[in-house]
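> got a sequence here, can you model it:
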Amino acid sequence: MNFNIYNENCLEGIKKISDNTANLIIADCSLEANSYISESLRILNNKGIIFTTNASPQIKPPVYFNHISRLKSLGTYHIGDLVVYDMKAEVKKEEPNLHGVFSAFTKKENRNSNIMKELVFYGRERRCFHPDFKLGPLGDQQRDPEFFGMIIKATTEENDLVVDLYMGSGSCGIACLKLKRNYIGFEIKKETYDYTVKRIEFVVNKLKELNGDIQ
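From the prediction side, this is the model:
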């Protein structure tokens, strides 16, 4: 298993990844679509999926539809959305609050919607943030590795490559470690990167204690 993280601008780092090697790309709608989609399609294999955060179509429909339109105009096919609800309401037994949306895209020639059928029911049942709802030590909202884990299990197999363009605190990387996926992550902020390195080292040591097969 190959696991590599870089304190680097993802728009530069992605250029170093070989063609047709990525099975899953995790992106963020704050990235300018024109800047990363062409490179993402280059590294994405024919069965690969791009998951990107997006605005809610109910709360910010212009932002949502604009993001979908931009990506489609750049050569992607929109296969569906994963709706994410805040875990706080689940604990309090209240009506779930919409947290956000992950939109899924693939290459136009690979219009496979079966992936979204596997994910559709998770939106209401899986949490997006840590159970204690605390912000990370750097003030960021840390998504639960289990959230990324269910996306990874539905879209990839062991030893497939996951590319994380907005690594943040490393939750997606931790899920890849646990599920034995190859991983490349980018984080441009040095302070966040340094924290993530320590967090991932802690997880690696724990996994070694449990099964001893993490290298």
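> what about the protein, any weak spots by pLDDT?
85-99, 109-142, 212-215 (pLDDT under 70).
> show me where it has helices.
Using DSSP state H, the helices of the chain run over 10-13, 33-43, 61-73, 87-92, 114-119, 122-125, 145-155, 171-179, 190-210.
> so for Asp19, which of these sits nearest?
Closest of those to Asp19 is helix 33-43, at 5.7 Å (criterion: Cβ to Cβ). Using the backbone N, CA and C atoms, a C-beta is placed for each residue, glycine as well.
> what is the closest one packed up against?
Helix 33-43 sits against helix 10-13, strand 22-27, helix 61-73, with contacts defined as 3 or more Cβ pairs under 8 Å, 6 or more residues apart in numbering; DSSP states H and E.
> right, and those - which one's nearest Ile174?
Across these, closest to Ile174 is strand 22-27 (Cβ to Cβ), at 12.8 Å.
> got the contact list for that closest one?
36, 40, 43-45, 47-53, 148, 151-152, 155-157, 160-166, 172 (Cβ atoms under 8 Å, 6 or more residues apart in numbering).
> picking up where we left off before, make JSON lines from the helices of the chain and add distance to Phe105 to it.
Shown next, in JSON lines, are these (distance: least, Cβ to Cβ, whole Å):
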{"stretch": "helix 10-13", "distance to Phe105": "17"}
{"stretch": "helix 33-43", "distance to Phe105": "8"}
{"stretch": "helix 61-73", "distance to Phe105": "6"}
{"stretch": "helix 87-92", "distance to Phe105": "26"}
{"stretch": "helix 114-119", "distance to Phe105": "11"}
{"stretch": "helix 122-125", "distance to Phe105": "17"}
{"stretch": "helix 145-155", "distance to Phe105": "12"}
{"stretch": "helix 171-179", "distance to Phe105": "17"}
{"stretch": "helix 190-210", "distance to Phe105": "26"}
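> same list, the ones you listed, but as a markdown table with mean neighbour count please.
What follows is those, written out as a markdown table (neighbours: other Cβ atoms under 10 Å):
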| stretch | mean neighbour count |
| --- | --- |
| helix 10-13 | 18 |
| helix 33-43 | 19 |
| helix 61-73 | 15 |
| helix 87-92 | 14 |
| helix 114-119 | 15 |
| helix 122-125 | 14 |
| helix 145-155 | 20 |
| helix 171-179 | 23 |
| helix 190-210 | 14 |
